[in-house]
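Student: Okay, predicted coordinates and the sequence, questions at the end:
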Amino acid sequence: MFEKVNPKHPDKIADCIAGAIVDLAYKAKDNPKIAVEVLLGHGNCHVIIETDCNLNKKEIETAIKRIAGDIKADIKIVEQDIHLSNNQKEKIRCGDNGIFKGVPISDEEKKLSLIAREIFSNYPYDGKYILDGDKLIICQSNISTEILKSIYPKTIVNPLGDWTGGFNVDTGATNRKLGSDMGRAVTGGGLHGKDLSKADVSVNIYAHLKAQDENKEIELSCAIGDETVDGRPYSEIVEIARNYINSIGGFEEFAKWGLI
């Protein structure tokens with residue numbers, strides 16, 4: 001059983017805005033420290049940023065409007081906590097506590113991810129999809145239910161009929177769709193709006209990649225300040241995650257679909 005949402009779901013729009021702001025931080029510094037939370041809906045976008053970077057509010061507003069359209073941006077930027085900052089002064093250490101799980105992607109997850117991407121490529125609007133064994137549920141906005149039923153017969157499509165979707169009928173918040181991003185690997189922290197020093201980003205990516213390579217479930221834990229995780233220097237795990245993020249085009253691109 002698996003649920004997938006597309007990049008135009010309000011929660012994913014929030015993730016994409018957070019990712020775009022992290023991308024701006026990485027343009028400013030090689031190893032920025034940043035954490036971003038986004039709440040948007042009904043014409044407003046509220047963003048709180050904790051960072052050691054000197055970010056330009058105009059650039060942030062431009063990114064928000066590019067992703068979300070004509071929306072009023074309320075942006076608050078504060079300095080990173082001094083104790084957290086000191087944790088990373090001498091070398092790259094683990095930036096958070098956490099437990100993490102990597103799981104090989106199942107055939108069901110692969111199948112639904114392909115369906116979600118196929119629908120989104122033709123209808124790039126808010127949508128949510130569920131696959132439960134042989135039962136496929138498609139809720140896709142801004143397209144006739146009858147058209148979708150003709151493409152996907154024997155499928156539950158828009159049970160309440162046609163709908164509009166988007167953040168004018170629903171709010172969006174950062175890291176609220178981790179089930180869609182991570183499938184059966186969901187544990188604690190969120191993937192989006194954070195720099196690579198944060199274990200929620202780097203260790204989750206590392207555990208995911210290791211699970212695919214070894215075709216088995218991987219479970220890891222770490223404490224803030226750890227210099228090694230899974231017997232490897234934390235700096236190596238950060239570089240593995242950095243290469244992965246770079247390979248898909250940055251943190252905003254990562255936010256669109258997550259790890260699956």
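Tutor: Nice, I can see it. Treat the numbers as computed from the prediction; the structure is a model and nothing was measured. Numbers count the residues shown, from 1 in each chain.
Student: what mean pLDDT does stretch 57-64 have?
Tutor: Mean pLDDT, stretch 57-64: 98.
Student: can you list the residues that contact that stretch?
Tutor: The contact list for stretch 57-64, computed with C-beta atoms under 8 Å, 6 or more residues apart in numbering, reads Ile17, Ala20, Ile21, Leu24, Cys45, Val47, Ile49, Ile71, Ala73, Ile75, Ile77. For the C-beta atoms, the positions are set from N, CA and C on the backbone; glycine is no exception.
Student: Work out for me the element Val38 sits within.
Tutor: strand 34-41 (DSSP states H and E).
Student: which strands and helices sit next to that strand?
Tutor: Where contact means 3 or more C-beta pairs under 8 Å, 6 or more residues apart in numbering; DSSP states H and E, strand 34-41 is packed against helix 10-28, strand 44-51, strand 172-173.
Student: quick one: buried residues of the host helix or strand of Ser247?
Tutor: Here Ser247 sits within helix 234-248, counting by DSSP H and E. For helix 234-248, the neighbour count (16 or more other C-beta atoms under 10 Å) marks Tyr234, Ile237, Val238, Ile240, Ala241, Arg242, Tyr244, Ile245 as buried.
Student: Tell me which helix or strand in the protein has the weakest average pLDDT.
Tutor: Scoring the helices and strands of the chain by mean pLDDT, DSSP states H and E places helix 82-87 at the bottom, with a mean of 75.
Student: Following the chain past it, name the next helix or strand.
Tutor: Next helix or strand after helix 82-87 toward the C-terminus (DSSP H and E): strand 98-102.
Student: roughly how far is that next one from the heart of the chain?
Tutor: 16 Å (C-alpha atoms, centre = their mean, to the nearest Å).
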